[in-house]
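[1] Sequence and predicted structure are below.
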Amino acid sequence: MQPLIEIRNLIKLFPAKKRLLKKQQFVHAVQDVSFSIRKGETLGLVGESGCGKSTLGRCLLRLIEPTSGSIFFDGQELNRLPQSQMKPFRRKMQIIFQDPYSSLNPRMTIGSIIEEPLIIHRLFPGRQARHGRVLELLDLVGLQAQAASRYPHEFSGGQRQRVGIARALAVEPQFIVCDEPVSSLDVSIQAQIINLLMDLQSQLGLTYLFISHDLRVVEHISHHVAVMYLGKIVETANVASLYAKPSHPYTQALISAIPVVSVDHKRSPILLSGEPAKTTAPPSGCQFHPRCLMVQKRCSVETPLLKGLKEKRTHQVSCLLLD
């Protein structure tokens with residue numbers, strides 16, 4: 001099956017603030033990332049804050065232009081298209097933002113916020129038809145019709161995120177980037193939003209890139225998971241394989257930190273030393289080697305490739321220890 005989304009060797013560099021008499025430096029936000037997502041599935045993208053997850057998601061939608069690499073949507077290479085030809089793809093690819101408080105215009109009613117993309121893309125012509133569509137979308141995300149005439153400040157965080165989801169669904173997209181959509185919500189509300197996203201995926205056949213730093217949430221919603229560190233994918237596999245047998249030292253540390261409820265199952269967290277290196281000067285060799293508890297001499301010199309494990313080729317890891 002041809003993937004709906006595919007990116008190849010994607011790189012994004014940002015110029016850092018230039019200092020007097022110093023050579024221009026660049027922030028290596030995304031470094032040679034490749035993956036694909038099949039129709040109707042969810043790829044969970046996990047990693048620490050600042051590792052490049054959100055930048056990658058925005059590059060994929062061309063909200064940020066990548067430095068190099070290729071982005072394919074249903075076989076069409078997007079990054080070769082001029083911005084003037086991107087509008088049809090904007091309808092097919094949407095985003096749900098992290099902060100439901102700042103992502104909604106406080107001066108617009110909920111109805112106007114959801115209706116705006118319909119006007120931009122000239123869908124449901126006529127005010128009556130658009131209003132009917134707005135009411136359909138409110139019902140789809142679990143909000144009452146009366147919400148259309150109210151303003152964002154009158155709603156809770158979870159309700160606002162439902163509005164953000166309704167806005168993303170307004171133009172009937174095929175693919176949605178969910179950029180940490182539950183990270184600012186209470187745990188009980190997180191579960192409601194995750195279940196809503198899963199129900200919508202099943203009902204509408206949606207494809208997601210789900211960005212998060214919470215591995216419990218990612219395990220619940222994703223079919224496949226990619227682990228990111230300092231702009232690079234260090235491990236990728238289906239959910240069952242990755243959580244049952246994490247193979248990269250960084251993934252092992254992340255999963256060891258997940259709280260365990262069962263009394264019978266005890267797990268000691270793996271404590272990493274130090275902080276991630278500066279993205280303006282990433283380490284040579286394996287970028288994780290300054291913090292790795294199993295580091296060897298060659299790790300600081302040789303750059304590991306992302307390749308499949310011998311016992312399961314679809315489980316890919318970037319680690320010299322597995323050679």
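    Received the coordinates, thanks.
[2] Tell me which stretches of the protein form helices.
    53-60, 87-92, 110-120, 127-140, 157-169, 187-204, 215-221, 239-244, 249-256 (DSSP state H).
[3] how many other residues sit next to residue 191?
    Other residues lying near residue 191 total 14 when counted by other CB atoms under 10 Å. All C-beta atoms are positioned from the backbone trio N, CA, C, and that covers glycine.
[4] Quick check: the gap between it and residue 198.
    11 Å (CB to CB, to the nearest Å).
[5] ditto for residue 278
    Counting by CB to CB, the gap from residue 278 to residue 198 is 38 Å.
[6] what do you get for residue 91?
    Residue 91 sits at a distance of 23 Å from residue 198 (criterion: CB to CB).
[7] if I read this right, residue 212 contacts residue 190, doesn't it?
    No - applying CB atoms under 8 Å, one finds residue 212 not in contact with residue 190, separated by 10.1 Å.
[8] Tell me which of these two has more neighbours.
    Neighbours per residue (other CB under 10 Å) separate residue 212 from residue 190, with residue 212 holding more: 23 against 20.
[9] Can you pull out the residues in contact with stretch 296-315?
    Contacting residues not belonging to stretch 296-315 are listed as 34, 233-238, 241-242, 245, 247, 283-286, 289, 292, 316-322 [CB atoms under 8 Å, 6 or more residues apart in numbering].
[10] And stretch 124-138, by the same measure?
    110-111, 114-115, 118-119, 123, 144-145, 147-148, 166, 169-170.
[11] Alpha carbons of that stretch, as CSV, please.
    In CSV, the C-alpha atoms belonging to stretch 124-138 read as follows (Å, rounded to 0.1, in the frame of the first residue of the first chain):
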residue,chain,number,x,y,z
PHE,A,124,-20.6,25.1,1.5
PRO,A,125,-21.5,28.3,-0.4
GLY,A,126,-24.1,30.4,1.3
ARG,A,127,-24.3,31.5,4.9
GLN,A,128,-27.1,29.0,5.7
ALA,A,129,-25.2,26.1,4.4
ARG,A,130,-22.0,27.1,6.2
HIS,A,131,-24.0,27.5,9.5
GLY,A,132,-25.4,24.0,9.0
ARG,A,133,-21.9,22.6,8.5
VAL,A,134,-20.7,24.4,11.7
LEU,A,135,-23.5,22.8,13.7
GLU,A,136,-22.6,19.4,12.3
LEU,A,137,-18.9,19.9,13.3
LEU,A,138,-19.9,21.0,16.8
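[12] what comes up buried for it?
    In terms of neighbour count (16 or more other CB atoms under 10 Å), stretch 124-138 has its buried residues at 124, 130-131, 133-135, 137-138.
[13] how about the residue lying closest to residue 152 once chain neighbours are set aside, what does it touch?
    Excluding the flanking residues, the one nearest residue 152 by CB to CB, 6 or more residues apart in numbering is residue 104, at 4.3 Å. By CB under 8 Å, 6+ apart, the residues touching residue 104 are 113, 152, 160, 163-164.
[14] Let me see the confidence value for residue 104.
    Note for residue 104: predicted pLDDT of 93.
[15] Got phi/psi on it?
    Main-chain torsions, residue 104, degrees, to the nearest 10: phi -110, psi 130.
[16] Over to the one 3 residues further on?
    Comment: the main-chain dihedrals of residue 107 come out as phi -90, psi 0, following degrees, to the nearest 10.
[17] picking up where we left off before, kindly present the buried residues of stretch 124-138 as a markdown table, with separate columns for distance to residue 1 and pLDDT.
    As requested, the buried residues of stretch 124-138 are exported to a markdown table (distance: CB to CB, whole Å; pLDDT from 0 to 100):
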| residue | distance to residue 1 | pLDDT |
| --- | --- | --- |
| 124 | 32 | 91 |
| 130 | 35 | 95 |
| 131 | 38 | 95 |
| 133 | 31 | 96 |
| 134 | 34 | 97 |
| 135 | 35 | 97 |
| 137 | 29 | 97 |
| 138 | 34 | 97 |
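[18] picking that back up, export the helices of the chain to TSV and tack on distance to residue 16?
    Formatted as TSV, the helices of the chain follow (distance: least, CB to CB, whole Å):
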stretch	distance to residue 16
helix 53-60	14
helix 87-92	30
helix 110-120	35
helix 127-140	42
helix 157-169	32
helix 187-204	35
helix 215-221	30
helix 239-244	33
helix 249-256	25
